[in-house]
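A.B. asks: quick one, structure for this:
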Amino acid sequence: MSREIDFKNRDRFIQLGITISVLRKMRGMSQEQLAEKIGVSRQAISKWEGGLSIPELEKIRALSEFFNVSIDELTREQETDNPSDD
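C.D. replies: Numbering: from 1, shown residues only. Okay, the predicted model is just below:
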């Protein structure tokens, strides 16, 4: 049972990392530049974007404010459009 939770959390880490990466790239920023703006190391940004770790709540707030998106937009799972074969 705990393995299922780990896999589910891993998927959320990955999705959050993808969102951070996309938002950063949309601004034309390097990981180093984003790290300086929110007060973390470049390695932290790399781990977040790679789904290896997740930011602390304080850093999620900082990312939200910096990118001008809600925390919900930053952290929610993205829905995919799957057209039906009806």
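
A.B. asks: where does pLDDT dip in the protein?
C.D. replies: Under the criterion pLDDT under 70, the flagged ranges of the chain are 1-8, 77-86.

A.B. asks: tell me which residue is most central in it.
C.D. replies: Ranked by distance to the mean C-alpha position of the chain (C-alpha atoms, centre = their mean), the top residue is residue 16 at 2.5 Å.

A.B. asks: list the buried residues of the helix or strand where that residue lies.
C.D. replies: When secondary structure is defined using DSSP states H and E, the element that contains residue 16 is helix 2-26. If you call a residue buried by 16 or more other C-beta atoms under 10 Å, then helix 2-26 has these buried ones: 13, 16-17, 19-21, 23-24. Any C-beta I mention is one placed from the backbone N, CA and C, and that applies to glycine too.

A.B. asks: for those, which one is nearest residue 47?
C.D. replies: For the buried residues of helix 2-26, the residue nearest residue 47 by C-beta to C-beta is residue 17; the value is 8.3 Å.

A.B. asks: next, the contact list for the closest one, please.
C.D. replies: The contact partners of residue 17, taken as C-beta atoms under 8 Å, 6 or more residues apart in numbering, are 48-51.

A.B. asks: so how do I select the buried members of those residues in PyMOL?
C.D. replies: In PyMOL, this line selects whichever of the contacts of residue 17 come out buried by 16+ other C-beta under 10 Å:
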select buried, resi 48+49+51
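
A.B. asks: now the contacts of residue 17 as JSON lines including distance to residue 74 and secondary structure?
C.D. replies: Putting these into JSON lines (distance: C-beta to C-beta, whole Å; DSSP: H, G, I helix; E, B strand; the rest coil) gives the following:
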{"residue": "48", "distance to residue 74": "11", "secondary structure": "helix"}
{"residue": "49", "distance to residue 74": "13", "secondary structure": "helix"}
{"residue": "50", "distance to residue 74": "17", "secondary structure": "coil"}
{"residue": "51", "distance to residue 74": "15", "secondary structure": "coil"}
